[in-house]
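[1] Got a sequence here, can you build the structure:
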Amino acid sequence: MFLVRKRAFARAGLVGNPSDGYHGRTISIVVRDFWAEVVLYEWDSVDIVLAEDDRASFHSVQDLARDVRLHGYYGGIRLVKATIKRFVEYCDKRGVALHGRNFSVRYETTIPRQVGLAGSSAIIVATLRCLMEFYGVEVPLVAQPSFVLSVERDELGIAAGLQDRVIQVYEGLVSMDFAREREKDVDGFQCYAYEPMDPGLLPPLFLAWSDQLSEPTEVFHNDIRGRFDREETGVVQAMKTFGRLAAEARTALREGDVVRLAALMNENFDTRRRIYALPAWQVEMVETARRCGASAKFAGSGGAIIGTFRGAAMFEELSARLGALGCRTLRPRVAE
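    Numbering: from 1, shown residues only. Just a heads-up that it's a prediction; the model follows:
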């Protein structure tokens, strides 16, 4: 019996986010400590197995209300279904005949939810990888991030950029340039310039995240998009700044300039803070890390932070102080 198992990992934006949706530049890392895993095996019918995140049975109405507060209304089933639909349409459009065998598919994820570590796109990437192997159809690598984005944005109406999908497809450490002049069409998808870099260039990094309630990222991003489209000066200028920071961070990484990289990461957050209304508890995470002597910025849309640190003693202090805020801290594993 045919069976395939694929994983896609969490990600953290190092510098430049959230300019990926605004023709900017970013640098990101994959976080191999957390993943979404999809298992697909041949079956009599197309069967999508419910996961814990999709549960519809609760001990009480209070249990239901708590689950919604923690996780929102959205499980992973919609992501899997939308990926399958988009994949079928992709093949139909290109005249690719799919064999008639059916499958059962299930997913699970260890990625902390709603703290901006790209859990939703990880499920889609892992599902796409399973479908490509099951049907023997290969979406070009450079087009896969745009395929994944089309599932979220066009099928599900989730506001998002390409950064998360690029790093989850390519893995490791990647510098991305989303400038209009770098745009190219591949299989009907808009693609840009993606440069894998050696993860060995990275200085010691920490990642911390909170278990507190957080707003789903598809809601969090919407107002900034509207302000950008209305050409609000502060927002437009901030996106240009994010892109510049990413370009300078690429140079700092290649030259081993850890001090410069730390300063750029700090400036990234400070720029974001000027245009976003940020929850006080998320700002406190960044400020607490900085009081330890580390650099710190949001790893994504909020709820998780990433930064550089110097030595074991500083990491222990970070873990203790952030732990007092209800956060967990680790050193992200980037390379295999």
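[2] And Glu152, how close does it get to Phe206?
    If you measure Glu152 against Phe206 using Cβ to Cβ, to the nearest Å, the figure is 28 Å. Any C-beta I mention is one placed from the backbone N, CA and C, and that applies to glycine too.
[3] Next, Asn161: phi, psi?
    Wrong residue type there; residue 161 is Gly, not Asn. Note on Gly161: backbone dihedrals following degrees, to the nearest 10 are phi -120, psi -180.
[4] for the one 3 residues further on, same thing?
    In terms of degrees, to the nearest 10, the main-chain angles of Asp164 are phi -60, psi -40.
[5] The spatially closest residue to it that is not a sequence neighbour and Gly13: what is the separation?
    By the measure of Cβ to Cβ, 6 or more residues apart in numbering, the closest residue to Asp164 outside its immediate chain neighbours is Ala118, 3.9 Å from it. Separation of Ala118 from Gly13 (Cβ to Cβ) stands at 9 Å.
[6] Residues in contact with both of these two, list them for me.
    By the contact definition Cβ atoms under 8 Å, 6 or more residues apart in numbering, Ala118 and Gly13 are jointly contacted by Gly300.
[7] picking up where we left off before, pull the number of nearby residues for the residue nearest to Asp164.
    31 (other Cβ atoms under 10 Å).
[8] That one contacts Asn17, correct?
    No - if you go by Cβ atoms under 8 Å, Ala118 and Asn17 don't touch, sitting 10.7 Å apart.
[9] which residues sit in contact with the residue of the chain positioned farthest from its centre?
    What lies farthest from the middle of the chain is Asp44; by Cα atoms, centre = their mean that is 33.9 Å. Going by Cβ under 8 Å, 6+ apart, Asp44 touches Asn102.
[10] From Ser57, how far off is it?
    For Asp44 relative to Ser57 (Cβ to Cβ), the value is 26 Å.
[11] and what of Ala10?
    Applying Cβ to Cβ to Ala10 and Ser57 gives a distance of 28 Å.
[12] the more surrounded of those two?
    Between Ala10 and Ser57, Ala10 has the larger neighbour count (other Cβ under 10 Å), namely 32 against 7.
[13] Just confirm that one contacts Ser120, I think it does.
    No - applying Cβ under 8 Å as the test, Ala10 and Ser120 come out as separate, 11.0 Å apart.
[14] Between the two ends of stretch 324-336, how far is it?
    With Cα to Cα, to the nearest Å as the measure, the first residue of stretch 324-336 is 31 Å from its last.
[15] Also stretch 106-121?
    Start-to-end span of stretch 106-121 (Cα to Cα) is 15 Å.
[16] before we move on, the earlier item: I'd like to know how far the residue farthest from the centre of the chain sits from Arg274.
    Distance, Asp44 to Arg274, by Cβ to Cβ: 56 Å.
[17] re earlier: residues in contact with the residue nearest to Asp164?
    Counted by Cβ under 8 Å, 6+ apart, Ala118 has contacts 10-11, 111, 164, 168, 300.
[18] Which members of the residues you listed occur in strands, if any?
    Counting by DSSP state E, these place 10-11 in strands.
[19] show me the contacts for Arg273.
    Val283.
[20] Following the chain onward from the host helix or strand of it, which element is next?
    Using DSSP states H and E, the element containing Arg273 is helix 258-275. Per DSSP H and E, the first helix or strand lying C-terminal to helix 258-275 is helix 280-291.
[21] gap between that following helix and the chain center?
    21 Å (Cα atoms, centre = their mean, to the nearest Å).
[22] I'd like the next helix or strand past that helix.
    Following helix 280-291 in sequence, per DSSP H and E, is strand 297-298.
[23] now for the host helix or strand of Ile224, which elements pack on it?
    Assigned by DSSP H and E, Ile224 falls within helix 222-229. For helix 222-229, the contact count by 3 or more Cβ pairs under 8 Å, 6 or more residues apart in numbering; DSSP states H and E identifies helix 233-255 as packing neighbours.
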